[in-house]
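1. sequence and predicted structure are below.
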Amino acid sequence: MRAFVYSGQPGRVVFGPGTLSQLGREIQALGARRALVLSTPEQRASAEHVADLLGDRAAGIFDRAVMHVPIETAREAREVARTLGADCAVAVGGGSTTGLGKAIALDSGLPILAIPTTYAGSEMTPIYGITEAGMKKTGRDAKVLPRTVIYDPELTLTLPVGLSVTSGLNAIAHAAEGLYSVEANPVMDLMAEEGIGALGRALPRIRANPADVEARGDALYGAWLCGIVLGNVGMALHHKLCHTLGGSFNLPHAETHTVVLPHALAYNAAAAPRAMNRIQRALKGKDAAQAVYDLAKDNGAPVALRDIGMKEGDLDRACEIALQNQYPNPRPLEKAAIRQLLQDAFDGVRPAAA
Ligand SMILES: NC(=O)C1=CN([C@@H]2O[C@H](COP(=O)(O)OP(=O)(O)OC[C@H]3O[C@@H](n4cnc5c(N)ncnc54)[C@H](OP(=O)(O)O)[C@@H]3O)[C@@H](O)[C@H]2O)C=CC1
Ligand SMILES: O=C(O)/C=C\C(=O)CC(=O)O
């Protein structure tokens, strides 16, 4: 076994159907008296429900969270938190809403209680992202790691099937890259394989019956584990490509992860055989890249960048941007091969077996 470093992230998790009802107790345990509830405009009704549960511990609602946390929105939310005298942020929603909570916490140190309704995993990480002048900057700060997370599968019943599948594959991407991270360790490997397996089993069941609370619970459990992996070990080529495609070409986050992941795995397969074994074992497939591609395609998710807004003429530039800085990856970053990876992802071809 090779040497490794393991740093656990602190945080309390309350998990299970109906656990939102424990919000009052959890807020009290945090010592918060005036919680600002965050949501997107579309999830305002959920924010109102959360505020009702908080009763006189609710300071107000800020319902203008948007994808990738524009700095203007972050400033506005910080100001609202200050004006209302908030001593806590409660983020109910996906990664966009959790991300806004993190932007507030980064500035003020307010504790976050997160109630995730997608599988993106941000609630398990000390990573924040803020977009300024069209550029998204990410960083790490222990202050932004939510102190408490309530995972209530009932809140994910309204997540449309298409988004459930792509968000689940976003989560799988964290675990898959965690398995070949330079910081990989045996504890994260266990969580990664278990998380991929749980999502691999849950997504087809959610597609068959979006109201299946058991399957929703399994997916959220998988997302939790995959999020822990993202928060603990560094990512590689796949996440770099997705940030490039999302940040510079405005492609949708979870869909981009879904399309690119099989091709990033095929690129790295020969250099990371143990990681590939774990992925294919978790998905009960014969080849990791093909198993991920099939999971997406068989469940109706997009598999081609051309179908999610990418222009073929931008592939060269995407390749250049993704290679501007060096970063750890199992296989060295080879320009021609990465350009071909992007072409394959653009065309949506099923990757060849390793
Ligand atoms: N810092 C970190 O560690 C991480 C950050 N992220 C960041 O998070 C963002 C992506 O997160 P993601 O969760 O995919 O995106 P969003 O939070 O934008 O949610 C994706 C979609 O899910 C919908 N949705 C969420 N909850 C519900 C619900 N209960 N019912 C119906 N629809 C729902 C949203 O609808 P609507 O807009 O209508 O609310 C939205 O259209 C990106 O900015 C990404 O960079 C992602 C992973 C980790
Ligand atoms: O960009 C961020 O906000 C930080 C990390 C992620 O988005 C992880 C991911 O690509 O899913």
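-> Happy to help now that I have it. Ligands and ions are numbered 1, 2, ... in the order given.
2. could you tell me which residues of the chain lie near ligand 1?
-> The chain has residues 40, 42-43, 67-68, 93-97, 99, 117-118, 120-122, 125, 127-129, 155-156, 158-159, 163, 167, 230, 253-254 near ligand 1, with proximity defined as CB under 6 Å from any ligand atom. For glycine as for every other residue, the C-beta is placed from the backbone atoms N, C-alpha and C.
3. which other helices and strands contact the host helix or strand of Asn170?
-> Using DSSP states H and E, Asn170 falls within helix 161-179. Other elements packing on helix 161-179 under the criterion 3 or more CB pairs under 8 Å, 6 or more residues apart in numbering; DSSP states H and E are helix 186-208, helix 213-232, helix 237-249, helix 253-268, helix 273-282, helix 288-298.
4. could I get those helices as CSV with mean pLDDT and mean neighbour count?
-> CSV is the format used below for the helices and strands packed on helix 161-179 (pLDDT from 0 to 100; neighbours: other CB atoms under 10 Å):
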stretch, mean pLDDT, mean neighbour count
helix 186-208, 98, 21
helix 213-232, 98, 24
helix 237-249, 95, 22
helix 253-268, 98, 27
helix 273-282, 98, 20
helix 288-298, 98, 22
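5. stretch 65-78 spans what distance, first to last residue?
-> 12 Å (CA to CA, to the nearest Å).
6. that one close to ligand 2?
-> No - shown here: stretch 65-78 not in contact with ligand 2 (CB under 6 Å from any ligand atom), separated by at least 6.9 Å.
7. and that stretch, which residues are buried?
-> Within stretch 65-78, the residues that qualify as buried are Ala65, Met67, His68, Val69, Pro70, Thr73, Ala74, Ala77, Arg78, counting by 16 or more other CB atoms under 10 Å.
8. can you check stretch 34-44 too?
-> Applying a neighbour-count criterion of 16+ other CB under 10 Å, one finds Arg34, Ala35, Leu36, Val37, Leu38, Ser39, Thr40, Gln43 buried in stretch 34-44.
9. so how far does that stretch reach from one end to the other?
-> The stretch stretch 34-44 measures 19 Å between its terminal residues, going by CA to CA.
10. who touches that stretch?
-> The contact list for stretch 34-44, computed with CB atoms under 8 Å, 6 or more residues apart in numbering, reads 27, 46-47, 50-51, 54, 57-66, 77, 80-81, 84-94, 96-97, 100-101, 104, 113, 117.
11. ok but Thr158 is inside a strand, no?
-> No - secondary structure of Thr158, determined by DSSP: H, G, I helix; E, B strand; the rest coil: coil, with no strand assignment.
12. where do the helices sit along the stretch 51-200 of the chain?
-> Counting by DSSP state H, counting those that start in this stretch, the stretch 51-200 of the chain forms helices over residues 71-83, 95-108, 161-179, 186-208, given from the N-terminal end onward.
13. closest to Met276 out of those helices?
-> With CB to CB, the closest approach to Met276 among these belongs to helix 161-179: 8.3 Å.
14. tilt between that closest one and helix 186-208?
-> In this structure, helix 161-179 runs at an angle of 160 degrees to helix 186-208, with axes from the mean of the first three to the mean of the last three CA atoms, to 10 degrees as the basis.
15. mind listing what's buried along helix 161-179?
-> Applying a neighbour-count criterion of 16+ other CB under 10 Å, one finds 161, 163-179 buried in helix 161-179.
16. what parts of the protein come near ligand 2?
-> Within the chain, the positions adjacent to ligand 2 are Gly99, Ala120, Ile127, Gly129, Thr138, Asn170, His239, Cys242 by CB under 6 Å from any ligand atom.
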